[in-house]
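> Following is a predicted model, sequence given first.
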Amino acid sequence: MSTKLFIKYMVSLRCKMMVKEELSKLGLHYVYVDLGTVEILEDITEKQKGIIKKNLMQSGLEMLDDKKSILIEKIKNIIIEMIHHSDHLPKENYSAYISNKLGYDYTYLANAFSEMTGTTIQHFIIINKIEKVKELLIYDELTLSEISYKLGYSSVAHLSNQFKKITGLTATFYKQLKNKRKKNLEDL
């Protein structure tokens, strides 16, 4: 028999490594450790669960217990995975993609997400896409047109408008800020 744990804020490789380390300290074997989800080979005791919960909390991670919080975290992890950790965005629209991944009606997911987070799934997607745009602008390997295409925007103008609305800056100005900071560091 195995045990599944759901962990909030587990969004990076470093987080996965911290979780694996905590499991290892308790002599527990995992089937997998993925963004937000851990499957442990053994059944764990309440005491072990408490230790894991306490130690993860010290690392900024939080073990989830209630079903709605777990569902919201799964939605966030699907979006983060889709935008930040995959080379291609899904061909289907995001609502269908998320709904298919979780096996729930999108309206139910959207209502639960809004109720628990105070924002919409769509806004969460936009915020993450803009963060990815910032990252790609800083790397300076792609043009704005290529970034727009990569992230599924209908046009560069659409990306630019969304970027300005979220950050208050134009994408071009943001890129210039990065170059200016780099130059200032070189002058030190």
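Here it is on my side, so go on.
> can you give me the strands in the protein?
Applying DSSP state E to the chain gives strands spanning 3-8, 30-34, 37-40, 62-64.
> List the buried residues in the first one.
Judged by neighbour count (16 or more other C-beta atoms under 10 Å), strand 3-8 contains these buried residues: T3, L5, F6, I7, K8. Placement of C-beta: from N, CA and C, glycine included.
> N93 and M82, how far apart?
Noted for N93: a distance of 12 Å to M82, by C-beta to C-beta, to the nearest Å.
> The two: which has the busier surroundings?
For N93 versus M82, neighbours defined as other C-beta atoms under 10 Å are more numerous around M82 (19 against 11).
> For V33, which residues are in contact?
Applying C-beta atoms under 8 Å, 6 or more residues apart in numbering to V33 gives the contacts K16, V19, K20, L23.
> which residue is nearest the centroid of the chain?
Relative to the mean C-alpha position of the chain, the nearest C-alpha, by C-alpha atoms, centre = their mean, is the one of I80, at 2.8 Å.
> For the chain, which segments count as helices?
13-25, 46-58, 67-84, 94-102, 106-117, 121-139, 144-150, 156-167, 171-186 (DSSP state H).
> With respect to T37, which of those lies nearest?
helix 67-84 (7.6 Å; C-beta to C-beta).
> out of the contacts of V33, which is most surrounded?
Most neighbours among the contacts of V33, by other C-beta under 10 Å: V19, with 23 neighbours.
> Thought E39 was touching it, still the case?
No - with contact defined as C-beta atoms under 8 Å, V19 and E39 do not form a contacting pair (11.4 Å).
> Just give me how far stretch 133-141 sits from the chain centre.
18 Å (C-alpha atoms, centre = their mean, to the nearest Å).
> Stretch 123-133 now?
When C-alpha coordinates are averaged (C-alpha atoms, centre = their mean), stretch 123-133 and its chain have centres 10 Å apart.
> Report the buried residues of that stretch.
Buried residues in stretch 123-133, counted by 16+ other C-beta under 10 Å: F124, I125, I126, N128, K129, I130, K132, V133.
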